[in-house]
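Student: would you be able to build a 3D model of this:
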Amino acid sequence: MASDATGSPLLCALHESEPLENGDYDEIDTASSDLHPLTAGYCAAAQLPLELVMMVFDCVWAEDDNAALVLGGVCRHWRNIVHQTQKLWLNLVLGPRNPRGKAWLYLRRSKNGVRRLTLRGLAASEAFQKHRDEKRFNSVTSLEVHLLSDAHRFEYASISWWTSFHLPLLTSFNCVVPEDAATVAWFIPNAKTQLQRLEHLSISAPTFEFSHLPAMSMLKTLVLDMKRATRENTWRGPCASCCFEQILRWSPLLESVSLRGKTVETCALSGMSAPPFTLAHLKSLHLEGWFTKSGALSLLRLPALKSLHILPPDTIAAKSVLERLEDAGASDIEELRLRSIPDTDCSLLAPYIRKMSRLSILELSNCQGDIDDLLYKLVRADEPLPLEEIVISDCPALTRGAIDKLVYAGIPSGDYTTPILVHTLSVHGCARVTADQLLNALTLQGRKEYFDTEWWWDLFLPTPPAGTVIDL
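Tutor: Residues are numbered from 1 along each chain as shown. Have a look, this model is predicted:
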C-alpha cells in the first residue's frame with residue numbers, strides 16, 4: 001500500500017488527481033454573490049418575514065447538499081442570513097469540482113464545526129486529507145466515502161485511512177464501492193482505537209479483506225454488503241467467517257444488523273463448538289446469501305428481536321435458517337419477511353412461524369412449493385397469529401381459499417360482526433389469484449361495510465388487474 005509523505009497509509013489510485021486551479025479558495029464564495037438580474041423578485045424575497053425565511057431554509061437544507069450556496073445566491077439579504085446561520089454549513093459534500101475550495105469555505109463559515117462529511121472520489125479525499133491533518137475536521141461525527149464518482153479509480157482503500165487521524169468525535173462511517181471497481185476495503189491495526197468509538201458502520205464493496213480484527217464495543221448499527229470476503233494474504237489471523245462472528249460477539253450494544261454476502265472465506269475452525277452469546281439490544285436482523293447459513297446463527301441469543309428479514313440462496317432451505325435461529329428467542333418477533341423460499345415442502349416452516357406469537361407483519365416471496373399448505377397450517381391452531389399486514393408475491397401455487405383462511409383466522413363461520421385484524425393485503429405475481437378474488441376475500445360474508453373499497457373500484461374499473469394492494 002502506498003504512503004504519503006509522513007508514511008501514513010494512503011489510498012492507492014490508478015490516476016493522480018488534477019491540481020486545484022490557481023488555488024482559488026474564494027471561487028465558490030464569490031460565485032454565490034452573483035445575483036440574478038431579476039432584482040424585483042429578489043427584493044420581494046428580502047421582504048419575507050424572518051420566520052418564513054427560516055422555514056424555507058429548513059426545507060432546502062433537508063433536500064439539497066448545497067443549501068448554503070443555493071440560498072446565498074437568492075439576494076444579499078438572504079446571503080447575510082446564510083452567513084450567520086451556522087446550521088447550513090454543518091453538512092459538507094465534496095465532489096470532483098474544487099473540493100478544497102468548498103471545504104475551506106464551509107470550514108470558515110462553520111468555524112471548523114462541520115458535523116456530516118461526504119467524500120466522492122479521489123480529489124475529494126485528498127482535500128479531506130489536507131484539512132484533516134490540520135485538525136479542522138475535529139467536529140465531524142459522520143463520514144461517508146464514495147470511492148468512485150470522478151475519473152479516478154481506486155485500487156485499494158484502507159478504511160482506517162479515513163477513520164484513524166484527527167477525527168475524535170467520529171461515530172458513524174459509511175463506505176460505498178461501486179460494483180465494477182477493483183477496490184478492496186480492509187482494516188489495519190492502527191485504526192483499532194478509532195473504530196472502538198464507532199456506533200454506526202456501513203460497508204458496501206465487491207471485495208472485502210480483513211488484515212486486522214477490530215473491536216467495536218460501541219457499535220449499534222452494522223451493515224455489510226459484499227460479494228466476496230476474505231483475509232489479506234499476509235495476515236495470519238482468523239478467516240473472514242470467524243472475523244464476522246467475532247465482530248458480533250464483541251459488539252454487545254448492537255441494535256440493527258444487515259449482512260449480505262455471496263462468498264465468504266471459511267476455515268477449519270468455522271462452525272466448531274463455541275459458547276453462545278447474547279445481543280440483548282438487537283431489534284432488527286437482515287440476512288442474505290452466505291450469511292443465512294453461517295454457523296454463528298445457532299450461537300445467537302436475541303431476546304429483543306422484533307424484525308427478521310431472510311433471503312437465502314437457492315441452495316439453502318428457509319427452514320434450515322429458521323432452525324439455526326430457533327434458540328435465539330423468536331417469540332417476540334413482530335415482523336417476518338421470507339423473501340425466498342426454495343423449500344420443496346414449505347409447510348415445514350409453520351412450526352417455527354407459529355412460535356412467533358406476536359407476529360403482525362408476514363411477507364412470503366418466491367415460494368417454489370405449495371404455499372397453501374403453509375398458510376393452512378398457520379391457521380389451524382387454537383391461537384391465530386395477530387397478523388395486520390400480509391404480503392405474498394411470486395408464489396404460483398397460491399389460491400384464494402388459503403388467503404381467506406389466513407385473513408379470517410380465528411373467526412367462526414357465520415360470525416359477521418367480529419372485525420378482522422388484517423388492514424393490508426398485498427398479492428403480486430400469483431397467477432391463480434385475481435384482484436376480484438382479493439376484493440371478495442376482504443368483503444366475505446357480508447363484511448363489506450367494514451371496508452372502504454370505493455377508491456379501489458375507481459382506480460381499476462372496468463377490470464381489476466391480476467394482482468393489487470388493498471390497504472383498508
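Student: quick check: next helix or strand after the helix or strand hosting residue 309?
Tutor: Secondary structure assignment for residue 309, by DSSP states H and E: strand 307-311. Counting by DSSP H and E, the next helix or strand C-terminal to strand 307-311 is helix 318-324.
Student: can you tell me what sits against that next one?
Tutor: The contact list for helix 318-324 (C-beta atoms under 8 Å, 6 or more residues apart in numbering) reads 287, 292-293, 295, 297-298, 310, 312, 330, 338, 340-343, 346, 348-349, 352-353. Every residue, glycine included, has its C-beta placed from N, CA and C.
Student: just the CA atoms of that helix, as CSV, please.
Tutor: The C-alpha trace of helix 318-324 is given here as CSV (Å, rounded to 0.1, in the frame of the first residue of the first chain):
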residue,chain,number,x,y,z
ALA,A,318,-35.5,-21.3,4.6
LYS,A,319,-36.4,-24.0,7.2
SER,A,320,-32.7,-24.5,7.9
VAL,A,321,-32.2,-20.8,8.6
LEU,A,322,-35.2,-20.7,11.0
GLU,A,323,-33.9,-23.8,12.6
ARG,A,324,-30.5,-22.2,13.3
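Student: same question for stretch 254-273: list its buried residues.
Tutor: 254-261, 264-266, 270-271 (16 or more other C-beta atoms under 10 Å).
Student: do the same with stretch 48-60
Tutor: Buried positions in stretch 48-60, judged by neighbour count with 16+ other C-beta under 10 Å: 53, 57.
Student: for that stretch, give me every contacting residue.
Tutor: 67, 70-71, 78, 81-82, 85, 88.
Student: mind putting these in a markdown table, secondary structure and pLDDT included?
Tutor: Below are the contacts of stretch 48-60 laid out as a markdown table (DSSP: H, G, I helix; E, B strand; the rest coil; pLDDT from 0 to 100):
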| residue | secondary structure | pLDDT |
| --- | --- | --- |
| 67 | helix | 80 |
| 70 | helix | 81 |
| 71 | helix | 79 |
| 78 | helix | 78 |
| 81 | helix | 82 |
| 82 | helix | 82 |
| 85 | coil | 81 |
| 88 | helix | 84 |
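Student: all helices for the stretch 51-200 of the chain, in order.
Tutor: Here the stretch 51-200 of the chain has its helices, by DSSP state H, counting those that start in this stretch, at 67-72, 76-84, 99-109, 122-133, 159-163, 192-195.
Student: nearest to residue 380, of the ones you listed?
Tutor: Among these, helix 192-195 comes nearest to residue 380, with 49.9 Å by C-beta to C-beta.
Student: got any ranges where the stretch 151-300 of the chain has weak pLDDT?
Tutor: Judged by pLDDT under 70, the stretch 151-300 of the chain has its weakly predicted residues at 151-156, 180-183, 185-193, 268-273.
Student: where's residue 246, which helix or strand?
Tutor: Going by DSSP H and E, residue 246 is part of helix 240-249.
Student: strand partners of the following helix or strand past that helix, parallel vs antiparallel please.
Tutor: Sequence-wise, the next helix or strand downstream of helix 240-249 (DSSP H and E) is strand 256-264. Partner strands and pairing direction for strand 256-264 (DSSP bridges) are strand 221-231 (parallel), strand 284-289 (parallel).
Student: next, the angle from strand 256-264 to helix 240-249.
Tutor: If you take axes from the mean of the first three to the mean of the last three C-alpha atoms, to 10 degrees, strand 256-264 sits at 170 degrees to helix 240-249.
Student: which strands and helices sit next to the very next helix or strand once past strand 256-264?
Tutor: On the C-terminal side of strand 256-264, the closest following helix or strand by DSSP H and E is strand 277-278. Under the contact definition 3 or more C-beta pairs under 8 Å, 6 or more residues apart in numbering; DSSP states H and E, strand 277-278 sits against strand 300-301.
Student: packing partners of the strand it packs on?
Tutor: Against strand 300-301 (3+ C-beta pairs under 8 Å, 6+ apart) you get strand 277-278.
Student: pull the CA atoms of stretch 78-96 into CSV?
Tutor: The C-alpha coordinates for stretch 78-96 follow below in CSV (Å, rounded to 0.1, in the frame of the first residue of the first chain):
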residue,chain,number,x,y,z
TRP,A,78,-30.6,36.1,2.3
ARG,A,79,-26.8,35.7,1.9
ASN,A,80,-26.3,37.7,5.1
ILE,A,81,-28.7,35.4,6.9
VAL,A,82,-26.9,32.3,5.4
HIS,A,83,-23.5,33.5,6.6
GLN,A,84,-24.9,33.9,10.1
THR,A,85,-26.8,30.5,10.1
GLN,A,86,-24.1,28.0,11.2
LYS,A,87,-26.5,25.1,10.8
LEU,A,88,-26.4,25.5,7.0
TRP,A,89,-22.6,24.9,7.0
LEU,A,90,-22.5,21.7,9.1
ASN,A,91,-23.2,19.3,6.3
LEU,A,92,-20.4,19.2,3.7
VAL,A,93,-20.4,17.2,0.5
LEU,A,94,-17.2,17.2,-1.5
GLY,A,95,-17.0,16.0,-5.1
PRO,A,96,-14.6,16.3,-8.0
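Student: perfect, that will be all.
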